[in-house]
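Asks: Whatever this is, show me its structure:
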Amino acid sequence: MAEVRLSAWVHGHVQGVGFRWWTRARALELGLTGFAANKPDGRVHVLAQGPREACEQLLDLLRSDATPGRVEKVIEDWSDAGEPMTGFAER
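Replies: Numbers count the residues shown, from 1 in each chain. The predicted structure follows:
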């Protein structure tokens with residue numbers, strides 16, 4: 001199965017609430033690599049790489065009511081997989 005790269009910008013109250021840790025745990029459960037990083041403007045940038053189905057599942061989770069904090073919206077961008085990554089980091 002071809003791999004893809006998901007770049008998701010998560011808006012809302014998502015910093016200081018364990019959101020990056022929660023995202024990392026879900027991504028690892030789905031077998032994805034990448035990172036979740038706080039941005040100075042209060043967003044969290046999630047970059048995930050792996051099978052498209054797994055990335056779509058992560059995106060659904062990011063938009064669900066199960067996240068820590070309060071997600072107002074998620075803007076997504078899809079591309080072909082880039083260089084292989086290992087693990088899923090919190091930045």
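Asks: How is residue 41 assigned, secondary-structure-wise?
Replies: coil (DSSP: H, G, I helix; E, B strand; the rest coil).
Asks: residues near it, how many?
Replies: Residue 41 has 8 neighbours, counted by other CB atoms under 10 Å. The way it works is simple: take the backbone N, C-alpha and C, and place the C-beta from them, glycine included.
Asks: Report the secondary structure state of the residue nearest to the spatial centre of the chain.
Replies: Centroid check for the chain by CA atoms, centre = their mean gives residue 46 as the closest residue, at 3.5 Å. Classification of residue 46 using three-state DSSP returns strand.
Asks: How much space separates the nearest residue to it once chain neighbours are set aside from residue 74?
Replies: Closest residue to residue 46 apart from its sequence neighbours, by CB to CB, 6 or more residues apart in numbering: residue 8 at 4.4 Å. Relative to residue 74, residue 8 is positioned 5 Å away (CB to CB, to the nearest Å).
Asks: hey, where'd the helices end up in the protein?
Replies: 19-29, 52-62 (DSSP state H).
Asks: quick check: angle from the last one to helix 19-29?
Replies: In this structure, helix 52-62 runs at an angle of 150 degrees to helix 19-29, with axes from the mean of the first three to the mean of the last three CA atoms, to 10 degrees as the basis.
Asks: And the contacts of helix 52-62?
Replies: Under the criterion CB atoms under 8 Å, 6 or more residues apart in numbering, residues 1-6, 8, 10, 23, 26-27, 30-32, 46, 48-49, 67, 71, 74, 76, 78 lie in contact with helix 52-62.
Asks: and if you look at stretch 33-45?
Replies: Contacts for stretch 33-45 (CB under 8 Å, 6+ apart): 5, 7-11, 14-15, 19-20, 23-24, 27, 46-50, 84-91.
Asks: distance between the ends of it?
Replies: 14 Å (CA to CA, to the nearest Å).
Asks: List the buried residues of it.
Replies: 33, 34, 35, 36, 38, 43, 44, 45 (16 or more other CB atoms under 10 Å).
Asks: Taking the residues you listed together, which two end up most distant?
Replies: Greatest spacing in those, by CB to CB: 33 and 43 (20.8 Å).
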